[in-house]
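K.L.:
I would like the atomic coordinates for the input below:
(chains A and B)
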Amino acid sequence: AQKVTQAQTEISVVEKEDVTLDCVYETRDTTYYLFWYKQPPSGELVFLIRRNSFDEQNEISGRYSWNFQKSTSSFNFTITASQVVDSAVYFCALRGGLAAGNKLTFGGGTRVLVKP
Amino acid sequence: GAGVSQSPRYKVAKRGQDVALRCDPISGHVSLFWYQQALGQGPEFLTYFQNEAQLDKSGLPSDRFFAERPEGSVSTLKIQRTQQEDSAVYLCASSQGQTGITEAFFGQGTRLTVV
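P.N.:
Now for the predicted structure:
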């Protein structure tokens, strides 16, 4: 069975502070994919980043960066220099290999509030 | 349109009523998913289509839930004899490929309230 845990339910920061969101996952698959989605008040889930299990290189994309550590089954996500528009609920998600089907397993989400 | 479109955006149903929720995926997307999101929680998988074939319906909570995608494009999620616990946001997503590699694009959801 697959499981995603986001221990932080809510984070509040002041604009320009960095925000790091924690994600821990469980899977028996050797090949899997990890995602971060953002859900603004409008409701739709917006895709942010994807990582493959066989590529542990951490990257930066604009103000977003992520730290994927297979040894600890963690896939943390950082927003640098936060802005008010970053206020949303952020979801970490896991998709297993082909044998596990194509469904995403989501964590419970972390609400981020960026104050001006 | 360019994105995934869902209708209606909001639906209020009396307990016991049947409802139908519609999803228009991104044109050409092979895969289509339905998720249920309860208030304050993450989305939970309901069912998955590859073209018109329903390949996974393991997440449907009861036989009152039924989904179809007859022509491999538009999909409808039907809930019969709605109950209060069915109140949630129902999200539809589509993705281009047949595998789990490509990301899924989500619609804005249908908020169902059963009274």
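K.L.:
Show me what residue of chain A gets nearest to chain B.
P.N.:
A:Phe106 (3.5 Å; CB to the nearest CB). Just so you know, the C-beta spots here come from the backbone N, C-alpha and C atoms, and that holds for glycine as well.
K.L.:
Need the distance between the two termini of stretch B:64-73.
P.N.:
End-to-end distance of stretch B:64-73 (CA to CA, to the nearest Å): 23 Å.
K.L.:
which residues does B:Ala67 bridge with?
P.N.:
On the basis of DSSP bridges, B:Ala67 is bridged to B:Leu77.
K.L.:
Count the neighbours of it for me.
P.N.:
21 (other CB atoms under 10 Å in any protein chain shown).
K.L.:
Name all residues that make contact with it.
P.N.:
For B:Ala67, the contacting residues are B:34, B:46-47, B:49, B:54, B:57, B:60, B:75-78, by CB atoms under 8 Å, 6 or more residues apart in numbering or on different chains.
K.L.:
Repeat the analysis, applying 6 Å as the threshold.
P.N.:
B:Ala67 is in contact with B:34, B:47, B:77, counting by CB atoms under 6 Å, 6 or more residues apart in numbering or on different chains.
K.L.:
that older thread, find the nearest non-adjacent residue to the residue of chain A closest to chain B, please.
P.N.:
In space, and not counting its chain neighbours, A:Phe106 is closest to B:Gly42: 3.5 Å by CB to CB, 6 or more residues apart in numbering or on different chains.
K.L.:
ok so, going back, which one of the contacts of B:Ala67 is nearest A:Tyr32?
P.N.:
Closest approach between those and A:Tyr32, by CB to CB: B:Thr47, at 20.8 Å.
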